[in-house]
Structures are given as C-alpha cells and as structure tokens.
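Q: build me a structure from this.
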Amino acid sequence: MKLRNRASGSRIAVDMTPMIDVVFQLLIFFMCTLKMIEPEGDFDISMPLGAPMADSVTDAELPPFKVRMEADANGELVNLSFNGENLGGGLGAISSLNSKVFRSITALQAIGSDQLEKQEVEIDPDYNLNYRYIINAIGACSGRVGQNGVHIPYLQRIKFAPIRQKQ
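A: Residues are numbered from 1 along each chain as shown. Predicted structure coming up:
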C-alpha cells in the first residue's frame, strides 16, 4: 500500500473575500429593513408609591383637576365626577369628561399658555374599578382624535390619588 507524499507542506489557502462580502450584504439588508417606531402611549403619569409624602411639592400653581371614579360591586363605572360635578356613569360619562376637560383647558389658555403646561389632573378611582375605565379617563384627559386622525393634546401631567382601601 502506497501512501501519498505528505512532505509537500503546502497549506490550502482559504479565501475570505466571499465570506466578508456576504457579511456586508447581510449588514446592509438589516440596516435597510430596520424600522424605527416611537413608543406608544407616552403618558407623563405620576404613580403613588403607597402612602403620600407630606412634604411633596409640585411646581403647579393651580390646583389639579379632580376626577373621581366610583364603581359598583362588579367593577363597572357608576359615577364619574370632574371637580365635584357629577357626569353620570358608563362610557357616556367618559365623553362628558373629555368635553369638560376641553372647556377647562380653553379657559386656561385664555389666562396664559404657560398655565396649560403646569396644569395637572388627579384621577381618584375606586379600588375595584375595571381598568378599561381608568384608561379611558386617562385618554379623555390627555386629548382627543380630531378630524383626519390628528391627535389634539389636552393635558400631559396626569397623576393618581393615593390608593383607597378596598371596601
């Protein structure tokens, strides 16, 4: 049996050019197909940490708009009030809240445009209220969708009242 001559010592040359070309083509492909998307639902919401701090100071000179949401035993919205004014219950109250907030910010804009940026909304829901009503109230306070699908902003500073104990 005759073995091949291994004494030649020549190494096989590996050409790296095609592999580098493929890597650059993949890099360009992924760069071209990348879509930058802005995060949705960017609310400036201040959540309470549990117990309110006594010495917390806000930079708003105006008292916050108060939105009180009361629920029945099933978690449905039975009463919604805006600054002490009863707006009723259900989803119809949410649209009334949107109208009241719009009227209030229109009055604030008459005072000065800088007051609108400082205005806060404080949402005070019952413990067992369904989340969809809270999200709808946040949407009603933060703005509305106008004609042609354009978002019309109202208020950006939304906070929650301290948690009420379960009743």
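Q: output the top helix by length along the chain as CSV, nothing but the C-alphas.
A: Secondary structure of the chain read by DSSP state H shows that its longest helix is helix 91-111. C-alpha atoms of helix 91-111 as CSV (Å, rounded to 0.1, in the frame of the first residue of the first chain):
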residue,chain,number,x,y,z
LEU,A,91,-68.9,55.3,28.8
GLY,A,92,-71.1,58.3,28.2
ALA,A,93,-69.5,59.9,31.3
ILE,A,94,-66.1,59.5,29.7
SER,A,95,-67.1,61.5,26.7
SER,A,96,-68.6,64.2,29.0
LEU,A,97,-65.3,64.2,30.9
ASN,A,98,-63.5,64.9,27.6
SER,A,99,-65.8,67.8,26.9
LYS,A,100,-65.3,69.2,30.4
VAL,A,101,-61.5,69.0,30.2
PHE,A,102,-61.6,70.7,26.8
ARG,A,103,-63.7,73.6,28.2
SER,A,104,-61.3,73.9,31.2
ILE,A,105,-58.2,74.0,29.1
THR,A,106,-59.8,76.5,26.8
ALA,A,107,-60.3,78.7,29.9
LEU,A,108,-56.7,78.1,30.9
GLN,A,109,-55.4,79.1,27.5
ALA,A,110,-57.3,82.4,27.9
ILE,A,111,-55.3,83.1,31.1
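Q: which residues touch it?
A: In this structure, residues lying in contact with helix 91-111 by Cβ atoms under 8 Å, 6 or more residues apart in numbering are 62, 65, 67, 77, 79-80, 82-83, 85, 87-88, 115-116, 119, 121, 133, 136-137, 140-141, 144, 154-155. Where C-beta positions appear, they are placed from N, C-alpha and C, glycine not excepted.
Q: tally up the residues packed near L129, please.
A: By other Cβ atoms under 10 Å, 19 other residues sit near L129.
Q: wait, it touches M69, no?
A: Yes. Using Cβ atoms under 8 Å, L129 is in contact with M69, at 5.6 Å.
Q: per-residue pLDDT, R144?
A: We have a pLDDT of 85 for R144.
Q: what are the pairing partners of the helix or strand encompassing it, and which direction each?
A: Counting by DSSP states H and E, the secondary-structure element that holds R144 is strand 143-145. Here strand 143-145 is paired, per DSSP bridges, with strand 151-153 (antiparallel).
Q: quick one: the strand it pairs with to chain centroid distance?
A: 14 Å (Cα atoms, centre = their mean, to the nearest Å).
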